[in-house]
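**Student:** Sequence and computational prediction follow.
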Amino acid sequence: MVMDYIIEDLMEEVVERKGSDIHISAGLPPYIRINGHLTRTDRDPLTPEECQRLIFAMLNNNQRKALEQNWELDCSYGVKGLARFRVNVYKDRGTYAACLRALSSKIPDMDDLNLPPIVRELSEKPRGLVLVTGPTGSGKTTTSTKVVAKTTPASRPAAPVKTDSPTIGEYLIQRLQDHCLTDIFGIPGDFVLQFYGMLEDSPIRVIGCTREDCAGYAADGYARIHGIGAVCVTYCVGGLKVANTTAEAYAEKSPVVVIS
């Protein structure tokens, strides 16, 4: 039977069913993770060719080449008006497979998150430092986003915005280009997905790595050859894992830019 759907249909389904992940693998139908449990979709098992067709629809030419060379790729993919997805593609038994994590663009209400009262109290503090930690999928991004949104209510007077001023992401990309940097290493984490999207639309090539420390070592090696290297990871655990590698680089006067 010919596959009569595209990857965006699966993305729409996982969002409508309030799922968190999409799993694509040859020999099995697409699966959706809902409340931590894998749920089979009402679709036929995928052939290796169908898996590749679904996966490659999310990738540009550079990403396809990187995947074919390394057999693994981390990137992001967004559907306007729906959500952004963190994508991990890999080779499984000689065929391509993928896991997609849905990242909602809507900020849920604090009551819907069932957060303890102390979180609301902390969000109302005028100053201080709050660390949000936990394993993958535990809700760090959602919690942090809601706390930040609550600390900047709409009733608070906003500073005037100059439309001709570059965004932080645009400024960072321009500064990297000013230093003749053409490649950046890293892992698409929740807090840098939007910046990764900007990088993909820029002349700078994004090179995905399997771990943060690997990205740091790669940026260090790149700097020793080209004069400067750059690594982009999410903060907290990601930033800590790249700290040792960049410290070693700086100790040997290898210039590495860390964006976190």
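**Tutor:** Arrived safely.

**Student:** can you map out the helices along the chain?
**Tutor:** 7-16, 48-56, 61-70, 117-123, 140-151, 168-178, 193-200, 212-226, 237-251 (DSSP state H).

**Student:** buried ones in the shortest one?
**Tutor:** Going back to what we said before, that points to helix 117-123. For helix 117-123, burial by neighbour count (16 or more other C-beta atoms under 10 Å) applies to Val119, Ser123. For every residue, glycine as well, the C-beta is placed using N, CA and C.

**Student:** For the stretch 101-250 of the chain, give me the ranges with low pLDDT.
**Tutor:** 104-108, 110, 136-138, 141, 145-166, 188-193, 235-238 (pLDDT under 70).

**Student:** re earlier: let's have the helices of the chain in TSV, adding distance to Ala26.
**Tutor:** Below are the helices of the chain laid out as TSV (distance: least, C-beta to C-beta, whole Å):
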stretch	distance to Ala26
helix 7-16	15
helix 48-56	4
helix 61-70	15
helix 117-123	43
helix 140-151	30
helix 168-178	37
helix 193-200	27
helix 212-226	27
helix 237-251	31
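
**Student:** Quick check: which of the ones you listed is nearest to Arg93?
**Tutor:** Closest approach to Arg93 among the helices of the chain is made by helix 48-56 (9.1 Å; C-beta to C-beta).

**Student:** now for the helices of the chain, which one comes closest to Ile34?
**Tutor:** helix 7-16 (8.3 Å).

**Student:** what packs against that closest one?
**Tutor:** In this structure, helix 7-16 packs against strand 21-24, strand 31-34, helix 48-56, strand 72-79, strand 83-92, strand 95-104, with contacts taken as 3 or more C-beta pairs under 8 Å, 6 or more residues apart in numbering; DSSP states H and E.

**Student:** Cheers, nothing more for now.
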